[in-house]
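Student: Return atomic coordinates for the entry below.
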Amino acid sequence: MGADQAKIISASRRRDIPTFYAPWLMNRIRAGHCVYPNPFAPTRFHRVSLHREDVLRFVFWTRHPAPFLLPPPELDQAGYVF
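Tutor: Got it, this is the predicted structure:
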């Protein structure tokens, strides 16, 4: 996927990732992808690329941004907003 097709990843609408899953997210960014179940068909899964060239920005929905106030380099390079 090129820069013209980069995605904005709206993270943590279902779960508060910065508060409870920051280490998990960093592992997923390093792995280059994450997988999540389809909420309407739980036996079907979606794979999302988290490679730098595929992500324009991360958007986090949280009340506790402290774990990312000093972001790891992988997250800082991708860019993010709360």
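Student: Can you tell me the closest non-neighbouring residue to P72?
Tutor: M26 (5.5 Å; Cβ to Cβ, 6 or more residues apart in numbering). C-betas here are computed from N, CA, C, even on glycine.
Student: Okay, now the unreliable bits of this structure?
Tutor: For the chain, the stretches flagged by pLDDT under 70 are 1-4.
Student: helices or strands next to the longest helix along it in the packing?
Tutor: For the chain, the longest helix by residue count, based on DSSP state H, is helix 22-31. Under the contact definition 3 or more Cβ pairs under 8 Å, 6 or more residues apart in numbering; DSSP states H and E, helix 22-31 sits against helix 73-78.
Student: Could I get the CA-only coordinates of the helix it packs on as CSV?
Tutor: The C-alpha trace of helix 73-78 is given here as CSV (Å, rounded to 0.1, in the frame of the first residue of the first chain):
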residue,chain,number,x,y,z
PRO,A,73,9.8,5.5,18.7
GLU,A,74,7.5,3.3,16.6
LEU,A,75,4.5,5.2,17.7
ASP,A,76,6.1,8.6,17.5
GLN,A,77,7.2,8.0,13.9
ALA,A,78,3.7,7.0,12.8
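Student: Tell me how far that helix lies from the chain's centre.
Tutor: Between the centre of helix 73-78 and the centre of its chain there are 11 Å (Cα atoms, centre = their mean, to the nearest Å).
Student: One more: stretch 61-77?
Tutor: 11 Å.
Student: Residues touching it, excluding its own?
Tutor: 10-13, 16-19, 22, 25-26, 29-30, 52, 58, 60, 80, 82 (Cβ atoms under 8 Å, 6 or more residues apart in numbering).
Student: change it to 7 Å
Tutor: For stretch 61-77, the surrounding residues in contact (Cβ atoms under 7 Å, 6 or more residues apart in numbering) are 12-13, 16, 18-19, 22, 26, 29-30, 52, 58, 80, 82.
Student: for it, how far is the first residue from the last?
Tutor: The straight-line separation of the ends of stretch 61-77 (Cα to Cα, to the nearest Å) is 19 Å.
Student: got the buried residues for that stretch?
Tutor: Residues 62, 67-68, 71, 75 are the ones in stretch 61-77 that count as buried (16 or more other Cβ atoms under 10 Å).
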